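K.L.:
Provided below for reference: sequence and predicted model.
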Amino acid sequence: MSTSGGAAAGSVRFVSAPELDEPMLGADHPFKAVRLPLTRTLLEHAGLLDPTEIVAPERIDPRLLYRVHDADYVEAVKLAARGDPLDDAWTYGLGTADNPIVPRMDVAALRIVDATVTAAAVVARGEALRAASFAGGLHHAQRARASGFCLFNDLAVAIELLTSRYGLRVAYLDIDAHHGDGVQAAFEERGDVLTISLHESGRFLFPGTGFEDEIGRGAGLGTCVNVPVDPGTDDASYLEVFDLVVPSALAAFRPDVILLQAGADAHRFDPLAHLELSIAGLIAVYERVMALADRFSAGRLVVTGGGGYDPYRTVPRAWAHLWCEMAGRRLPETLPASWHAAWRGRIPTELPTTALEPEDAGPTDDARRARIASHNRAVAHRTLAALTPIWAGWRRSAHHDAPL
C-alpha cells in the first residue's frame with residue numbers, strides 16, 4: 001500500500017516538545033528524560049537538525065489508548081499519579097523499584113504516547129518519509145500492567161493507529177538489549193503486524209522472554225521473530241545474526257512501514273545489559289535498517305528511542321548518528337564545543353568529545369568472542385528453522401494476509 005503522498009524523498013521529522021524533556025519516573029530513576037534534549041541539542045549545535053523538521057506531539061484519540069490498555073489500568077495509573085489510595089497498585093505493576101509512583105507520571109507517559117503516535121501519523125499521512133520520537137519506546141508495558149520502566153505502550157498504540165486507521169501492515173523491529181515483550185504480547189495473534197526482536201537472552205536479562213520458540217499464535221503464527229543472543233555479543237556477531245534473520249523476515253511479511261525501536265542499551269557501556277556493541281556497530285545496524293526500509297517499505301520508517309542507561313556518553317551519540325542515517329547526514333568527528341558549553345554544570349559529568357570511540361575500546365578475548373558468535377549463529381538458525389516453513393506457507397496460501 002502506498003501512502004507516501006507528497007512527502008519529498010528523504011524528508012524527515014523529529015518529534016519534540018518541552019514536556020518530553022521532563023522525567024516520567026523521577027529525576028533519580030535510570031530512565032533519563034534528559035537523553036532527548038541532549039540528542040536534540042547535539043544535532044542543533046552540529047547544524048544537523050533544521051527547525052522546520054521539528055514537530056510537536058499531537059494529542060491522540062483516547063480510543064486508541066483503550067485498544068491497547070484496559071480502562072481500569074489506565075485509571076489506576078491516573079489515581080496513583082494523583083496520590084489517591086490504590087490498594088492493589090502492585091497488581092498493576094505500580095509502586096515497584098522499576099515503576100515507582102511519581103506525581104504526574106500519567107501525564108508524562110501520555111505525552112510520550114502522543115509523541116510516538118504523532119511520528120507514526122506523520123509518516124502515514126505522507127508528510128515525511130521518516131520520523132523519530134526518541135522520547136518513545138516503552139515496549140515492556142502490558143495491557144493491564146506497568147513493567148520495566150514502562151507505563152503505557154506508545155509503540156503498540158502507534159501500531160494500532162497504523163493498522164486500524166491507515167490499513168498498513170507494520171513490521172516492528174526491536175534492537176533494544178531487552179526483549180520487546182509488551183509489543184509482542186499485543187500483536188502475537190494478529191497477521192498484520194510482524195514483531196522482530198534481537199536482544200540479550202532472557203536467560204540472563206529482564207524480562208526473561210523472547211526465545212526462539214515464541215513465533216506467534218493463531219492468525220499471528222509466524223509473525224513473532226526472536227533472536228536471543230548471549231551476553232558479550234559484539235558488533236560482528238550481532239550484525240551476522242541480524243543479516244541472517246531480519247531481511248528474510250521482512251521479505252516474507254512485506255510491510256508497508258517499519259517501526260524501529262532503537263534502544264541504545266546494546267552498547268558496551270550500558271550498565272543494565274551485557275552486550276558489547278560499539279557506536280560503530282550501532283551505526284552499521286542503522287545503515288542496514290535504512291536499506292531495508294528502502295527495499296521493503298518504500299522508505300517509510302518510524303523510530304523510537306527506547307532503552308539506554310548510559311545517558312551522557314552513549315545515548316546522545318547513538319541517537320544522533322541514527323538521525324543522521326535517517327536524514328542522509330553525517331555527525332562530525334569532533335563534537336561541537338558549543339554543545340559541551342551549553343550543558344556544562346547542568347549534568348553530573350563531561351560529555352564525549354568525539355562521534356566514535358577509540359577502535360581498541362572493545363572486547364579482546366578472541367576465544368570467548370568465537371564461542372559467543374557460534375552460539376548466536378545457532379540461535380539464528382533455530383529461529384529460521386521454526387519460521388521458514390510457515391513463511392513458505394504464506395506464499396502458497398491465498399488466505400494469508402500477506403500480499404502475493
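P.N.:
Noted; the coordinates are in hand.
K.L.:
and the nearest residue to T388 once chain neighbours are set aside, how close does it get to V227?
P.N.:
Of all residues not flanking T388 in the chain, S248 sits nearest, at 7.5 Å (C-beta to C-beta, 6 or more residues apart in numbering). Where C-beta positions appear, they are placed from N, C-alpha and C, glycine not excepted. The gap separating S248 from V227 is 12 Å, by C-beta to C-beta, to the nearest Å.
K.L.:
wait, the residue nearest to T388 touches A392, no?
P.N.:
No - using C-beta atoms under 8 Å, S248 is not in contact with A392; the gap is 11.0 Å.
K.L.:
so which of the two has more stuff around it?
P.N.:
Taking neighbours as other C-beta atoms under 10 Å, S248 and A392 compare with S248 leading, 16 against 12.
K.L.:
what are the phi and psi values at that one?
P.N.:
phi -60, psi -40 (degrees, to the nearest 10).
K.L.:
and it, how far from D235?
P.N.:
Using C-beta to C-beta, S248 is found at 21 Å from D235.
K.L.:
same check on F134?
P.N.:
For F134, the distance to D235 - C-beta to C-beta - is 22 Å.
K.L.:
which of those two has more neighbours?
P.N.:
F134 (31 against 22).
K.L.:
show me the strands in the stretch 251-400 of the chain, by range?
P.N.:
257-261, 301-304 (DSSP state E, counting those that start in this stretch).
K.L.:
so which of those gets nearest V183?
P.N.:
With C-beta to C-beta as the criterion, V183 lies closest to strand 257-261 of the strands of the stretch 251-400 of the chain, at 7.6 Å.
K.L.:
need the CA coordinates for the closest one. PDB is fine.
P.N.:
Extracted C-alpha coordinates of strand 257-261, given in PDB (Å, rounded to 0.1, in the frame of the first residue of the first chain):
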ATOM      1  CA  VAL A 257       6.000   0.600   7.100                       C
ATOM      2  CA  ILE A 258       8.800  -0.300   9.600                       C
ATOM      3  CA  LEU A 259       8.800   0.800  13.200                       C
ATOM      4  CA  LEU A 260      12.300   0.700  14.700                       C
ATOM      5  CA  GLN A 261      12.700   0.500  18.500                       C
END
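K.L.:
what pairs with that strand, parallel or antiparallel?
P.N.:
Using DSSP bridges, strand 257-261 pairs in its sheet with strand 170-174 (parallel), strand 301-304 (parallel).
K.L.:
so which of those is nearest S201?
P.N.:
Short answer: strand 170-174, nearest of the strands paired with strand 257-261 by C-beta to C-beta, at 14.3 Å.
K.L.:
show residues contacting that closest one.
P.N.:
Residues from elsewhere that reach strand 170-174, judged by C-beta atoms under 8 Å, 6 or more residues apart in numbering: 139, 155, 159, 162-163, 180, 183, 187, 192-199, 246, 249-250, 253, 255-261, 263, 289, 296-297, 306.
K.L.:
these in helices, which ones?
P.N.:
155, 159, 183, 187, 246, 249-250, 253, 289, 296 (DSSP state H).
K.L.:
out of those, who has the most neighbours?
P.N.:
Going by other C-beta under 10 Å, L155 tops those with 33 neighbours.
K.L.:
hang on, it packs against V303?
P.N.:
No - in this structure, L155 is not within contact of V303 by C-beta under 8 Å, at 10.9 Å.
K.L.:
for A156, give me its contacts.
P.N.:
With the criterion set at C-beta under 8 Å, 6+ apart, A156 makes contact with 68, 141, 182-183, 186-187.
K.L.:
so it versus E188, what's the distance?
P.N.:
Counting by C-beta to C-beta - A156 and E188 are separated by 11 Å.
K.L.:
before we move on, what about F242?
P.N.:
For F242 relative to E188 (C-beta to C-beta), the value is 22 Å.
K.L.:
what of P51?
P.N.:
41 Å.
K.L.:
which one's more surrounded, these two?
P.N.:
E188 (19 against 7).
K.L.:
does the closest residue to C224 other than its chain neighbours belong to a helix, a strand or coil?
P.N.:
Nearest residue to C224, sequence neighbours excluded (C-beta to C-beta, 6+ apart): G216, at 4.0 Å. Look at G216: counting by DSSP: H, G, I helix; E, B strand; the rest coil, its state is coil.
K.L.:
what's near enough to touch G216?
P.N.:
G216 sits in contact with 188-189, 222-224, where contact means C-beta under 8 Å, 6+ apart.
K.L.:
and the two most separated of these?
P.N.:
E189 and G222 (11.6 Å).
K.L.:
low-confidence ranges, the chain, go.
P.N.:
Scanning the chain for pLDDT under 70 picks out the ranges 1-10, 359-363, 398-404.
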